[in-house]
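Chemist: Turn this into a structure:
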Amino acid sequence: MLHMALAHEIDLGTRDHLLYELARDLSSSLDLDTVLAKVMDRVITLMRASRGFIVLVDQIDGSLSVQMSSGSDPENARQFLGSKTVIERVVNSGQAVVSTDASLDDRFKGQQSVIMQNLRSIIAVPLVTKGHVIGALYVDNPFRASIFEEKDMEFLQAISDLAAIAIDNARQYERSEFLRELFEAHVNKQVTDYVLTRSGRTLRFLPGERREVTMLNSDIAGFSTLSQSMDAEELVLFLNDYFQRMIRVVLDHGGNIDKFQGDGMLVVFGAPNPMRDHAERALNAARAMVREIDRFNRELVDGGRSAISVGMGLDTGEVVAGHVGSDDRMEFTLIGVPVNNSAYLSKVRPARVLMSEATRARVPRGFQVANYEPLLLKGAKDPQAIYELAITLRAD
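Modeler: As a prediction, the model looks like this:
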């Protein structure tokens, strides 16, 4: 009697240690497949089972699918080869099931999967987190009966409880990364990181911050006429091709795309993240955009279409960066004179790259700048000196 009690105590101590190791192991990764593989590997080893399956409930339609298996060939890795009756009972009831010999068990002996596979020892336990069953852990041995006991079911349930937390954490991380990637597809990565770093449970509406920036605005000359010559699908494909090229250039130079306005694109250098060399970066981006437009035009002409001309305007100065809108709909945007001036300069025709005197004062070596006629800019009482980057935008 003393020997049995001592053996039981040793067994419990060993299992506690194994659970501790499993918890530590599972906390080392947030990749769902890695978590599932670790759980499956430990379950098979600790339960002395021939095979095992991790079945998860689909979060959208509620269907059951095998997400990880062991003891199956690769072709059947996603097929559930155990007792479907057992797994459905566990998921639907949230209660664990143990059968020492399913072929003799009144609950399951008439089921086709039990008969066809001559299933014997089975344990299945629910994966439960936050009060919801998200799936089940299932192990069996088709060859031997009575290898699982009630305490084995309790041990597997303890493993399942740890696994459910790890799976839920991995799913949440996977979801958050998907949302971040989706967010970045609509909002520049700079803004994504800026907003996520400063936002919180109680702070969603970010206050304005003053930044010295250089704004770059681009505008396709005669786009209204051009758009009328295309059908809707052709127009969208054309713009996507054009913007894909321009966006790549802007991001390569550290710019943040504030917004698209039809065929226009408003870019800021120096917000939300401050930059000392914002003007230099903007000028380099403008020059690279000119070269990319030339390549785009050659492709258009080779394809029998008309080349385009793009005007660009640059102005340097202080803006306010922050959220504008309401709790229901908000947008990170920029407010200030340079925003308006860059837009105005981009619409000067014939199209060219024009800059304000504030930007001209920050032009680095290697750029050729020519005087342009003075223009009356936003907020100014008198015409201001305007300069042209010595690169023509007109298509040959």
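Chemist: Could you list the low-pLDDT ranges of the stretch 1-150 of the chain?
Modeler: 1-15, 71-77, 102-104, 106, 109-110, 112-118 (pLDDT under 70).
Chemist: what about the strands in it?
Modeler: Read by DSSP state E, counting those that start in this stretch, the stretch 1-150 of the chain holds these strands, from start to end of the chain: 51-57, 64-70, 97-99, 121-129, 132-141.
Chemist: could I get the ones you listed as TSV with mean neighbour count and distance to E88?
Modeler: The C-beta positions use only the backbone N, C-alpha and C, and glycine is treated the same way. Formatted as TSV, the strands of the stretch 1-150 of the chain follow (neighbours: other CB atoms under 10 Å; distance: least, CB to CB, whole Å):
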stretch	mean neighbour count	distance to E88
strand 51-57	22	10
strand 64-70	19	7
strand 97-99	22	10
strand 121-129	24	10
strand 132-141	23	9
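Chemist: Let's have these in JSON lines, adding distance to Q244.
Modeler: Below are the strands of the stretch 1-150 of the chain laid out as JSON lines (distance: least, CB to CB, whole Å):
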{"stretch": "strand 51-57", "distance to Q244": "37"}
{"stretch": "strand 64-70", "distance to Q244": "36"}
{"stretch": "strand 97-99", "distance to Q244": "55"}
{"stretch": "strand 121-129", "distance to Q244": "41"}
{"stretch": "strand 132-141", "distance to Q244": "39"}
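Chemist: quick one: which of these is nearest M275?
Modeler: Proximity to M275 (CB to CB) singles out strand 121-129 among the strands of the stretch 1-150 of the chain, at 44.2 Å.
Chemist: Remind me what the closest one packs against, helices and strands.
Modeler: The contact analysis (3 or more CB pairs under 8 Å, 6 or more residues apart in numbering; DSSP states H and E) places strand 121-129 against helix 84-93, strand 97-99, strand 132-141, helix 150-186.
Chemist: quick revisit: tell me which of the strands of the stretch 1-150 of the chain approaches Q157 most closely.
Modeler: Closest approach to Q157 among the strands of the stretch 1-150 of the chain is made by strand 121-129 (4.5 Å; CB to CB).
Chemist: ok, that closest one: who's next to it in the sheet?
Modeler: strand 97-99 (antiparallel), strand 132-141 (antiparallel) (DSSP bridges).
Chemist: Residue ranges in the stretch 201-350 of the chain under the pLDDT threshold?
Modeler: Applying pLDDT under 70 to the stretch 201-350 of the chain flags the ranges 201-206.
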